[in-house]
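Participant: Sequence and predicted structure below; questions after.
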Amino acid sequence: MKDLTIIIPAYNEEKAIGKTLGKLMPVAEKNGWKITVVNDGSTDKTKHILEQTEDIKVLNHKVNKGYGASLKTGIADTKTGLIAFYDADGQHNPEELEKLWNAWDDQDMIVGKRSKGSHFSIARAPGKWILGKTANFLAGKKIPDLNSGLRIVKRDIIMNYIQLFPDGFSFSTTSTIAFLGDKREVEYIPIKTAKRIGNSSVNQIKDGFNTILLIIRLIVLFNPLKVFVPASLFMILISVIYETIWGYILSPHLKLLPGALLTFLTGIIIFFFALIMDQISQIRRNSIGK
């Protein structure tokens, strides 16, 4: 089980990929790890650099498909029991991957939790805060690091969830939610990351919004009551407040306001809809991740 393949998605990383592999390959050779780089339709010199690098496996996408799609390609091609995800942009240090490797004790997934001393982007802070709070609420627990790109995972388990994951950058986020939502054993190990080399292709607003939608979809799959019961209670509370303030104070001649009644019934309908969704979720989960 301790055979490991490192999967590195690379899109237009000509400035970083050579340095990244130069630092990683000696450590990989020492530990007997395999390295697979997925060139995601790069239009710069990334493909040429990879072709000149020995002792790695290169998989090429003819067009850019996305970070998640590259990981899926690498996972499908990999034969080892364990898979590591590693960024091509110079953020990760091979010694940090060794730290995760040495901590492996048959967990389902080990994630590198970015700790004090890691590079921090102020521009991304508001979006990450919103994303983190949303994920923590929906998952019902505090997630130490939602979208860390450095992790080790069992291949056979992640293959069971592969159809749930997006082709975009939020693969790391949604895989975390899926494993936690299905009560998988996930351990977090503190690591430090450096400033990336080159520019990121992530659109904070567009990709962040899509990630929140993906998180909600996964929570609906694994725990729909977490989404629908609060909505139901909110509608019922609004109906009570509406009836109390408007009905009894401003319009005492009306015994029951139509708007309050409609809102109350909507809350009840959502509640029973949540129960139905929970039953469907249980059925689907029997065929996913088992």
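Facilitator: That came in fine, so what should we check first?
Participant: Which positions in stretch 140-147 come out as buried?
Facilitator: Residues of stretch 140-147 classed as buried: 143-147 (neighbour count, 16 or more other C-beta atoms under 10 Å). Where you see a C-beta, it was placed from the backbone N, CA and C, and this is true even at glycine.
Participant: what's the most distant pair in these?
Facilitator: Greatest spatial distance in the buried residues of stretch 140-147: Pro144 and Asn147, 11.3 Å, computed using C-beta to C-beta.
Participant: which neighbours do those two share?
Facilitator: With C-beta atoms under 8 Å, 6 or more residues apart in numbering applied, the contact sets of Pro144 and Asn147 do not overlap.
Participant: need the helices for the stretch 51-200 of the chain, in chain order.
Facilitator: 67-77, 94-102, 125-139, 155-161, 171-181 (DSSP state H, counting those that start in this stretch).
Participant: Out of these, which one sits most buried?
Facilitator: The highest mean neighbour count among these, using mean count of other C-beta atoms under 10 Å, belongs to helix 171-181: a mean of 24.
Participant: quick one: contacts of that helix?
Facilitator: 67-68, 71-72, 85, 108-109, 111, 131, 135, 138-139, 141, 143, 146-149, 151, 153, 157-158, 161, 164-166, 186, 211, 214-215, 218-219, 221-223, 289.
Participant: same question, stretch 64-76
Facilitator: So stretch 64-76 is contacted by 5, 7-11, 36, 38, 40-42, 59, 61, 83, 85, 155, 158-159, 162, 165-171 (C-beta under 8 Å, 6+ apart).
Participant: From these, keep the buried residues only.
Facilitator: Buried subset of the contacts of stretch 64-76 (neighbour count, 16+ other C-beta under 10 Å): 5, 7-11, 36, 38, 40-42, 59, 61, 83, 85, 155, 158-159, 165-166, 168-171.
Participant: okay, and for the stretch 151-290 of the chain, where does confidence drop off?
Facilitator: 198-208, 211, 246-256, 284-290 (pLDDT under 70).
Participant: Going along the chain, name the strands of it.
Facilitator: Taking DSSP state E, counting those that start in this stretch to define them, one finds strands in the stretch 151-290 of the chain at 151-154, 186-191.
Participant: need those in JSON lines with distance to Ile197, can you?
Facilitator: What follows is the strands of the stretch 151-290 of the chain, written out as JSON lines (distance: least, C-beta to C-beta, whole Å):
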{"stretch": "strand 151-154", "distance to Ile197": "21"}
{"stretch": "strand 186-191", "distance to Ile197": "18"}
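Participant: can you redo those strands as TSV with mean neighbour count and distance to Phe228?
Facilitator: Formatted as TSV, the strands of the stretch 151-290 of the chain follow (neighbours: other C-beta atoms under 10 Å; distance: least, C-beta to C-beta, whole Å):
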stretch	mean neighbour count	distance to Phe228
strand 151-154	22	30
strand 186-191	19	25
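Participant: Show me the one of these that comes nearest Lys79.
Facilitator: strand 151-154 (13.3 Å).
Participant: strands paired with the closest one, and their directions?
Facilitator: Using DSSP bridges, strand 151-154 pairs in its sheet with strand 82-85 (antiparallel), strand 109-114 (antiparallel).
Participant: ok, now how distant is the residue minimising distance to the centre of the chain from Phe222?
Facilitator: Geometric centre of the chain, nearest residue: Thr173, 1.2 Å, by C-alpha atoms, centre = their mean. Per C-beta to C-beta, to the nearest Å, Thr173 is found 14 Å from Phe222.
Participant: ok, back up a step: quick one: which of the buried residues of stretch 140-147 is nearest to Met277?
Facilitator: Of those, the one sitting nearest to Met277 (C-beta to C-beta) turns out to be Ile143, at 23.1 Å.
Participant: where exactly do the strands run in the stretch 1-150 of the chain?
Facilitator: Using DSSP E, counting those that start in this stretch, strands in the stretch 1-150 of the chain cover 4-10, 34-40, 57-61, 82-85, 109-114.
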